[in-house]
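A.B. asks: pasting the sequence and the predicted model now:
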There are 2 protein chains.
Amino acid sequence: MSFMPPTDSMFLLGENRDHPMHVGGLQLFVPPDGAGPEFVRGLLGAFRQTDHISPLFRKRPGEPIGTRWKVDPTIDYDHHVRHSAVPGPGRIRELLELTSRWHGTLLDRRRPLWEVHVVEGLQDGRVAVYTKVHHAMVDGVSALRLMQRSLSEDPEALDCLPPWSLPARKSSGGSVGFNPLALARSGVGAVSDLTGLVPAGLKIANQILRDGDITLPGAPKTILNGSVGGARRFAAQSWEIERIQRVARSSATTLNDVVLAMVSGALRQYLKEQHALPDQPMSAMVPVSLALRAESAGKEAATGNATGAIIVNLATDREHGATRLEEIAYSSRQAKKILRDLSPTQILALSALQMLPLALTPVPGFVKYTNPPFNVVVSNVPGPKKPMYFNGSRLDGMYPVSIVTDGQALNITLTSRDKYLDFGLIGCRRSVPHLQRLLIHLEDALAELETAWG
Amino acid sequence: MSFMPPTDSMFLLGENRDHPMHVGGLQLFVPPDGAGPEFVRGLLGAFRQTDHISPLFRKRPGEPIGTRWKVDPTIDYDHHVRHSAVPGPGRIRELLELTSRWHGTLLDRRRPLWEVHVVEGLQDGRVAVYTKVHHAMVDGVSALRLMQRSLSEDPEALDCLPPWSLPARKSSGGSVGFNPLALARSGVGAVSDLTGLVPAGLKIANQILRDGDITLPGAPKTILNGSVGGARRFAAQSWEIERIQRVARSSATTLNDVVLAMVSGALRQYLKEQHALPDQPMSAMVPVSLALRAESAGKEAATGNATGAIIVNLATDREHGATRLEEIAYSSRQAKKILRDLSPTQILALSALQMLPLALTPVPGFVKYTNPPFNVVVSNVPGPKKPMYFNGSRLDGMYPVSIVTDGQALNITLTSRDKYLDFGLIGCRRSVPHLQRLLIHLEDALAELETAWG
């Protein structure tokens, strides 16, 4: 039993059936050569080994909800580690449909707040793993890091442990057991209670991002910025990093600029199809990593990075991809320049924006009366730079599945893996119809940039 | 848009993540001879035909929740009719595990309150259909009747329609469209607002069932009568009616008495294994059908039956199956005798007990301080007497999946089908561990009775 900090409890108290507050990941694995039909059973066996379950994955909310954590001595493995199958014909399309369903249902609060599906039945022989963890337990970035830590660079290694069985990290020092919560919130380690910073963060963000050197137009209201229901639609696809890098080099922009230009082109095309493209340019909120200056940020924070956020003009009002990329790169450079000049306090306040889902929806109905601060969240989380394996199975996709909220019905999170960028798009099934078409438009947008800068 | 009666809204307002208020059914079908791998696609196609969707299945709660129904002009078929697959090795066990998961998640309130899974991948070639409907929309008995109406006695008939596409019933008279809600609550048709009757019903039930001819001991508190979480465990199995009838004939009891004796023996054995068998005999609440006397019950009710309820002593304190059956039959006869002498008002009040889930949990924490009025609900819903088909596929199982609540962590509902009784056992995954063992014990209890009365 331990006290639950507001940074955890706000995600429990703010959750309801229309607004699940869990993050997820969809991984694809290629079984080793010669793996037979028993392969999935073996993977399930490895996932259900009971030698060690880290305390984080035995934690559940005590009553009343939001006041404390309890740590169960053991877990109901059949509940947490689930065996599932893709229906015929077993394409990625059917897998994405299943993922959409799983991500739209609430976790059981009487148990530790996580679920994993080991999924067979893909026609190409790959095996999928969908993982779902409550944001009160661990944030999206830390969840991805945990998944990464469970993998090995060595295709021969057969002693890989699933994320919930990993031993304590050496770097966690004197604390009892492995504590990814500390890791998760390393950016805000110096602040014991972040909640009070959320309004300050928004205020500072507005001030510095709008009153600074650049004048961003207020974000227009779009179909992506209404209230959301509980059902989800998930889409995912990988792009070669080299294709994106080549455009970035030719155009003297960054990889992230090109990613935003893909998103911009895709949103423009998608909203045109829906007869819903606003005249004003749309904007994206992009989390960025910021180095904290040690001298004034306190001892603990000195060792970490803070996560800040910039708001980038997506220039969706411009017809040509090359023009959009130019405007995006300019807007992004200006915003980062301002961030670099911030004081540590301002940076920490900005980090509070990481608490996005709740920070932006303090009042029910809020989104009906004001313009959104931005139109979409686009988040790029660094992943492994080399091919990775789990007990000989090669990781062939690692798609983040994030959170949507009232006012932000679409979230695009991507992660790098080996030579690829894996995009995960999660949307409210009602407000973002035909979400999967964005995948086609992302490719078209990249192709247009390649033609312009090829 | 239409006003929502309290009989509907109480199931929406009383629902939360630990207490989903939907009912379900798991059907098994044997594909026709020569059906190929495209069979499931065809079934999905038949289920997703869009010519006609009955208004009931386009109804969704308007805001604020509990005040009104809205009727959508169309539905998102991919959301409501889902294609799913059983993972390997494709036994009934894996199907039941999937059903447990599906029954533990909440329906999306922004859409009509139903979901159907068409399930492939069973190793025996059968195809399963899991249906889930909110109790605010239709009750369990009516849901089963709707499923039954979508089937045909003719194995050659290929024009079967799924429940949501059935045309209006001729018997529904002047009302607009088909209205199973009226059908659903035929027993209480004369009463416009049943809510007020719930406390009266409980009071009368207590009075007539306890102060009458028989003295029932108060139900002991068992592990089945605590608070419940949201996760479920479902088990299902069919028994030949002839086996049960033979025992009933030999022992001069009824089929329902023998069913209750099976439940009694199974619970006794199960609770012994859990070291949780109470010294006092347990009791069951059993819904029964009652004829309303026309003269005083009002015009509308004169044509219908009311659903009452009796509380039957399960005699779980007795060691021998034959003794338990004798006591159950006696208790049941006495309770029915009393019911037959009731006035129509008393019957209607008793019918309010049908509103069980909420009637018994008016105050959070209620179950912690009082003894339960009974230990378990055992409900027998009449089904088709002949083999039934859906577009040539033979119905080979129709297992009800009911609701559990705080204080009633296990529900056993069965339905007759052709020569079988199909048992569906739903329980809280936390309070009723190893629920599936009850299936073995049900069989053992029947075998013991067969030995005694064979």
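C.D. replies: Structure's in. What do you need? Numbers count the residues shown, from 1 in each chain, chains lettered A, B, ... in the order given.
A.B. asks: flag every residue of the stretch 151-300 of chain A that's near chain B.
C.D. replies: Residues of the stretch 151-300 of chain A found near chain B, taking Cβ under 8 Å from any Cβ of the partner chain as the criterion, are A:229-231. Yep, even glycine has a C-beta here, placed from its N, CA and C like the rest.
A.B. asks: what's the closest of these to chain B?
C.D. replies: The shortest gap between chain B and any of those belongs to A:G229, at 3.5 Å (Cβ to the nearest Cβ).
A.B. asks: how many neighbours does the residue found closest to the closest one once you drop the neighbours it is linked to in the chain have?
C.D. replies: Nearest residue to A:G229 in three dimensions, chain neighbours excluded: B:R110, at 3.5 Å (Cβ to Cβ, 6 or more residues apart in numbering or on different chains). Counted by other Cβ atoms under 10 Å in any protein chain shown, the residues lying close to B:R110 total 20.
A.B. asks: my guess is B:R110 contacts B:R60. True?
C.D. replies: Yes - counting by Cβ atoms under 8 Å, B:R110 does reach B:R60; the two are 6.9 Å apart.
A.B. asks: rewinding a little: buried subset of the residues of the stretch 151-300 of chain A next to chain B as a PyMOL selection?
C.D. replies: If you want just the buried ones from those in PyMOL, going by 16 or more other Cβ atoms under 10 Å in any protein chain shown, the selection is:
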select buried, chain A and resi 229+230+231
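A.B. asks: redo the residues of the stretch 151-300 of chain A next to chain B as CSV? Include secondary structure and pLDDT.
C.D. replies: As requested, those are exported to CSV (DSSP: H, G, I helix; E, B strand; the rest coil; pLDDT from 0 to 100):
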residue, secondary structure, pLDDT
A:G229, coil, 91
A:G230, coil, 91
A:A231, coil, 94
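A.B. asks: could you measure from A:L414 over to chain B?
C.D. replies: When Cβ to the nearest Cβ, to the nearest Å is applied, the distance between A:L414 and chain B equals 26 Å.
A.B. asks: common neighbours of B:R110 and B:R60, please.
C.D. replies: Common contact partners of B:R110 and B:R60 (Cβ atoms under 8 Å, 6 or more residues apart in numbering or on different chains): none.
A.B. asks: follow-up on the earlier one: the residue nearest to A:G229: what secondary structure?
C.D. replies: The three-state assignment at B:R110 reads coil, by DSSP: H, G, I helix; E, B strand; the rest coil.
A.B. asks: got the contact list for it?
C.D. replies: With contacts taken as Cβ under 8 Å, 6+ apart, B:R110 has the following neighbours: A:18, A:229-231, A:430, B:60.
A.B. asks: pretty sure A:R394 is touching A:S152, no?
C.D. replies: No - checked against Cβ under 8 Å, the pair A:R394 and A:S152 is beyond contact range at 10.8 Å.
A.B. asks: shared neighbours, the two?
C.D. replies: Counting by Cβ under 8 Å, 6+ apart, the residues touching both A:R394 and A:S152 are A:M388.
A.B. asks: what residues of whichever helix or strand A:V288 is part of count as buried?
C.D. replies: Take DSSP states H and E as the rule and A:V288 turns out to sit in strand A:283-291. For strand A:283-291, the buried set under the neighbour-count rule, 16+ other Cβ under 10 Å, comprises A:283-288, A:290.
A.B. asks: columns distance to B:P278 on top of the contacts of B:R110, output as JSON lines?
C.D. replies: Converted to JSON lines, the contacts of B:R110 look like this (distance: Cβ to Cβ, whole Å):
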{"residue": "A:D18", "distance to B:P278": "42"}
{"residue": "A:G229", "distance to B:P278": "45"}
{"residue": "A:G230", "distance to B:P278": "40"}
{"residue": "A:A231", "distance to B:P278": "43"}
{"residue": "A:R430", "distance to B:P278": "49"}
{"residue": "B:R60", "distance to B:P278": "43"}
